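1. After the sequence you'll find the predicted model.
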Amino acid sequence: MSVVILKYEDLLSGKDLGDEIYKAYGPKGLGALLISGIPRYAELRNRLLPLGYKLAHSSDEVKTKLEHEESLWNAGTS
């Protein structure tokens, strides 16, 4: 078992990645995959991480606005 790695350029091109995704999340997969070649990844990551901290320490009122019950809380902070 190994981690499946997708190329960012393949995601943008519309290439069929179904087989690779199945390897990652199918019955024998690890349940995770990596994406390589994301432009400006380090810069974007460094901008995003502080926002996670800020969100985690936001008031319940703010976090409630981000909840999405219709998706069974697959989006938001729940």
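-> Ah, there it is.
2. Please count neighbours and contacts with C-alpha atoms only from this point.
-> OK.
3. which one is residue 33 nearest to, not counting chain neighbours?
-> residue 4 (4.9 Å; CA to CA, 6 or more residues apart in numbering).
4. That neighbour: how many residues sit nearby?
-> 18 (other CA atoms under 10 Å).
5. Next: the one 10 residues further on.
-> With neighbours defined by other CA under 10 Å, the count for residue 14 comes to 8.
6. pLDDT score assigned to it?
-> pLDDT, residue 14: 92.
7. Contacts only, for it.
-> If you count contacts by CA atoms under 8 Å, 6 or more residues apart in numbering, residue 14 has none.
8. What distance do you get for it to residue 8?
-> Going from residue 14 to residue 8 by CA to CA, to the nearest Å gives 10 Å.
9. any idea which helix is longest in the chain?
-> Across the chain, the longest stretch assigned as helix under DSSP state H is helix 41-56.
10. Only alpha carbons, please: show it as CSV.
-> Output in CSV follows, covering the C-alpha atoms of helix 41-56 (Å, rounded to 0.1, in the frame of the first residue of the first chain):
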residue,chain,number,x,y,z
TYR,A,41,2.1,26.0,-2.5
ALA,A,42,4.5,27.2,0.3
GLU,A,43,3.3,30.8,0.1
LEU,A,44,-0.4,29.8,0.0
ARG,A,45,0.1,27.3,2.9
ASN,A,46,1.7,30.0,5.0
ARG,A,47,-1.2,32.4,4.4
LEU,A,48,-3.8,29.7,5.2
LEU,A,49,-2.5,28.3,8.4
PRO,A,50,-3.0,31.4,10.5
LEU,A,51,-6.5,31.6,9.2
GLY,A,52,-7.2,28.1,10.6
TYR,A,53,-6.1,29.3,14.1
LYS,A,54,-8.2,32.4,13.7
LEU,A,55,-11.3,30.4,12.8
ALA,A,56,-10.8,27.9,15.6
